[in-house]
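Visitor: the following block contains a protein sequence and its predicted model.
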Amino acid sequence: MTDRISFGTILIILIAAFVMFYNLGGIPLLDPDEPVYAETAKEMLSHNDFVSPRIYGEYWYDKPPMYYWLVAASFKLFGVSEFAARLPSAVLAILCALYVYSASSRMFGNRAGLAGALILVTSIEYFYLGKAAVTDITLNLFLTVALLAFLEKRYYLFYICAGLATVTKGPVGFLFPGAIIFIYMLLTRSFHLLREMKIPAGIVLFALAGLPWYIAMYAIHGNAFVDTFLGFHNITRFTSPEHPEGVLWYYFIPVFIIGFMPWTAIVIQSVWAALTDSQPQHGRPLLFLIIWAAFIFLFFTASRTKLVSYILPMYPPLAMVAGWYIDRLAARRRNARPFAWPLLFTVLGGLFAAGAVYGARQAMPALLPGAYLTAAVFVVMIIGTWFFVARRETERAFWLQIAGMAVFVVILMSLLFPPAAPAFHTRDLAKAFTAHYDGKSPVYVVKFLRPGFSFYAGVYGTELTPDHWKTPGKAYFVVRPADWEWLPEADKRKLKVLATADEKLLIVKQ
């Protein structure tokens with residue numbers, strides 16, 4: 001590693017850009033989440049309305065508009081495409097890594113900052129979401145900058161980014177920073193910081209950044225906006241499971257183990273060292289980072305609705321702690337043989353490699369070439385980590401894993417995602433529909449497939465209910481096998497399958 005910040009910045013940009021942009025637009029938007037954001041941004045442009053989000057031509061109160069605005073701007077500049085829909089996430093993922101590098105370098109030194117930024121960029125969940133057209137990376141950036149700005153006493157930046165986070169995902173934009181800072185002040189008995197935080201000016205800055213859209217939406221839509229956005233999409237989702245299969249209390253433990261891979265193997269000893277053996281000037285910043293990560297994990301563990309992406313905001317602080325630990329090992333090279341790292345990585349990396357091969361064999365044999373290569377990369381990383389740690393060359397072990405994850409990105413985007421993606425997108429069926437559609441008959445689409453179908457076919461359709469099968473006259477149906485197999489045989493004889501694409505059907509009723 002180098003002590004020249006300018007070189008570190010260039011290195012992070014090059015590695016992060018490769019990871020985020022490699023084959024970014026080569027895979028269709030995956031149902032159901034990516035097409036929702038892309039379709040809403042497309043309708044913003046078609047209706048020339050950038051205040052009230054719409055989907056299927058109807059007002060849509062699910063999320064604030066920040067990511068829709070970014071995608072709409074990307075569509076305007078580059079045209080409507082998968083690449084343009086994902087571009088904002090990829091760019092903001094790189095910017096977040098650069099800010100982590102900058103802030104961590106000021107706190108812990110350049111080598112620690114560089115390590116932390118690269119750990120973040122090469123963790124599986126971070127680069128997966130950085131290559132996806134969803135809001136999570138945008139929220140993650142604003143929360144990260146806000147909390148690090150507080151830690152560095154850059155309070156005006158803190159308030160502005162908390163406001164922008166609120167326009168990205170709602171109340172969590174200010175509730176999360178507020179709760180994390182309160183817990184930190186409580187544990188460190190540092191409530192005197194409140195006198196330094198320029199709170200009156202901060203309230204003004206937060207309001208200017210975060211509230212105009214909410215005021216405009218209430219003025220236009222009234223209580224319908226408040227009840228749906230705040231009532232259902234925030235309070236109800238926390239207290240009631242939207243996805244009952246994810247209610248298990250330990251849901252986020254395997255999510256984190258896989259999502260922070262390969263750095264899961266070093267994070268436990270990193271946190272332990274930060275809590276028990278840090279230098280005095282590093283103790284409080286490290287404690288703040290650990291409180292930040294723990295709060296995110298525990299909050300969403302308590303939430304009744306659980307999604308894989310929810311814990312993304314805990315990755316930047318943990319990457320910074322792990323970067324600090326890597327720097328600490330490098331500085332103590334003569335005495336540093338952290339065998340817990342290769343030992344844990346042997347277990348976790350070995351299970352990940354074996355799981356990739358087993359999963360491909362069971363679910364989709366077409367993925368086996370990519371799965372075998374993934375296993376080979378992780379085996380090389382395991383052997384190399386043991387070799388370098390035994391020789392007290394922890395920096396080389398670190399760079400080996402960075403290189404291994406860059407190779408894994410190529411395998412993932414070239415050999416694993418392309419054969420698997422057709423099962424998760426509606427582009428091919430939408431093309432078949434366009435070729436067969438008469439331009440006037442009603443179209444009924446199962447809910448899960450509707451966002452992707454609308455984006456690719458340019459036809460909204462109507463969400464399918466059982467009664468729609470009884471529609472008189474000609475009608476088109478976009479479904480999966482289970483959505484129509486229950487029909488009586490007499491009714492099925494009136495239907496004709498026009499096209500199939502990976503367990504998705506285009507059916508016409510004459």
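Guide: Structure's in. What do you need?
Visitor: could you use CA atoms for every contact and neighbour count after this?
Guide: Noted.
Visitor: in the stretch 301-450 of the chain, which spans are strands?
Guide: 443-445 (DSSP state E, counting those that start in this stretch).
Visitor: same thing with the chain?
Guide: Ranges of strands in the chain, per DSSP state E, are 54-55, 58-59, 443-445, 462-463, 475-479, 495-500, 505-509.
Visitor: and for residue 221, the neighbour number?
Guide: 12 (other CA atoms under 10 Å).
Visitor: same check on residue 126?
Guide: By other CA under 10 Å, the residues close to residue 126 number 25.
Visitor: switch the strands of the chain over to a markdown table; also include mean pLDDT.
Guide: Output for the strands of the chain, formatted as a markdown table (pLDDT from 0 to 100):
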| stretch | mean pLDDT |
| --- | --- |
| strand 54-55 | 92 |
| strand 58-59 | 90 |
| strand 443-445 | 95 |
| strand 462-463 | 94 |
| strand 475-479 | 94 |
| strand 495-500 | 92 |
| strand 505-509 | 92 |
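Visitor: nearest to residue 147, out of these?
Guide: strand 54-55 (31.8 Å; CA to CA).
Visitor: and the nearest residue to residue 216 once chain neighbours are set aside, how close does it get to residue 377?
Guide: For residue 216, ignoring the flanking residues on the chain, the nearest one in space by CA to CA, 6 or more residues apart in numbering is residue 51 at 7.4 Å. Counting by CA to CA, to the nearest Å, the gap between residue 51 and residue 377 amounts to 47 Å.
Visitor: who has more neighbours, these two?
Guide: Taking neighbours as other CA under 10 Å, residue 51 and residue 377 compare with residue 377 leading, 20 against 16.
Visitor: next up, the contacts around the more buried one.
Guide: Shown in contact with residue 377 (CA atoms under 8 Å, 6 or more residues apart in numbering): 404, 407-408.
Visitor: top of those by neighbour count?
Guide: residue 408 leads the contacts of residue 377 on contacts (other CA under 10 Å) with 22 neighbours.
Visitor: ok, the residue nearest to residue 124 when sequence neighbours are not counted to residue 47 distance?
Guide: Leaving aside its sequence neighbours, residue 124 sits nearest to residue 259 (CA to CA, 6+ apart; 5.0 Å). Using CA to CA, residue 259 is found at 38 Å from residue 47.
Visitor: out of the two, which sits in the busier spot?
Guide: Between residue 259 and residue 47, residue 259 has the larger neighbour count (other CA under 10 Å), namely 23 against 12.
Visitor: I'd say the more buried one and residue 123 touch.
Guide: Yes - assessed by CA atoms under 8 Å, residue 259 is found in contact with residue 123 at 6.5 Å.
Visitor: just the CA trace of stretch 472-479, in CSV.
Guide: Output in CSV follows, covering the C-alpha atoms of stretch 472-479 (Å, rounded to 0.1, in the frame of the first residue of the first chain):
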residue,chain,number,x,y,z
PRO,A,472,-65.7,-12.2,-22.3
GLY,A,473,-64.1,-11.9,-25.7
LYS,A,474,-60.4,-11.9,-26.6
ALA,A,475,-57.8,-11.3,-23.8
TYR,A,476,-54.2,-11.8,-23.2
PHE,A,477,-52.6,-13.2,-20.0
VAL,A,478,-49.0,-13.1,-18.8
VAL,A,479,-48.6,-15.7,-16.1
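Visitor: hmm, back to that, what's the residue nearest to residue 124 in contact with, if anything?
Guide: 123-126.
Visitor: report the buried members of those.
Guide: Neighbour counting over the contacts of residue 259 (16 or more other CA atoms under 10 Å) leaves 123-126 as the buried ones.
Visitor: from those residues, which land in helices?
Guide: Within the buried ones among the contacts of residue 259, residues falling in helices by DSSP state H are 124-126.
Visitor: which one of the residues you listed sits closest to residue 347?
Guide: For these, the nearest to residue 347 is residue 124 (17.1 Å; CA to CA).
Visitor: quick one, what contacts the closest one?
Guide: 258-262.
Visitor: what's the answer for residue 68, then?
Guide: Residue 68 touches 37-38, 40-41, 44, 53, counting by CA under 8 Å, 6+ apart.
Visitor: picking up where we left off before, give me the common contacts of residue 259 and residue 123.
Guide: With CA under 8 Å, 6+ apart, residue 259 and residue 123 have no common neighbours.
Visitor: could you export stretch 256-265 as CSV, CA atoms only?
Guide: The C-alpha trace of stretch 256-265 is given here as CSV (Å, rounded to 0.1, in the frame of the first residue of the first chain):
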residue,chain,number,x,y,z
PHE,A,256,-24.4,-11.0,6.6
ILE,A,257,-22.0,-14.0,6.5
ILE,A,258,-22.5,-14.3,2.7
GLY,A,259,-23.0,-10.6,2.0
PHE,A,260,-19.8,-9.5,3.6
MET,A,261,-17.8,-12.3,2.1
PRO,A,262,-14.8,-12.7,1.9
TRP,A,263,-14.2,-10.2,4.8
THR,A,264,-16.6,-12.0,7.2
ALA,A,265,-13.6,-14.1,8.1
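Visitor: good, wrapping up.
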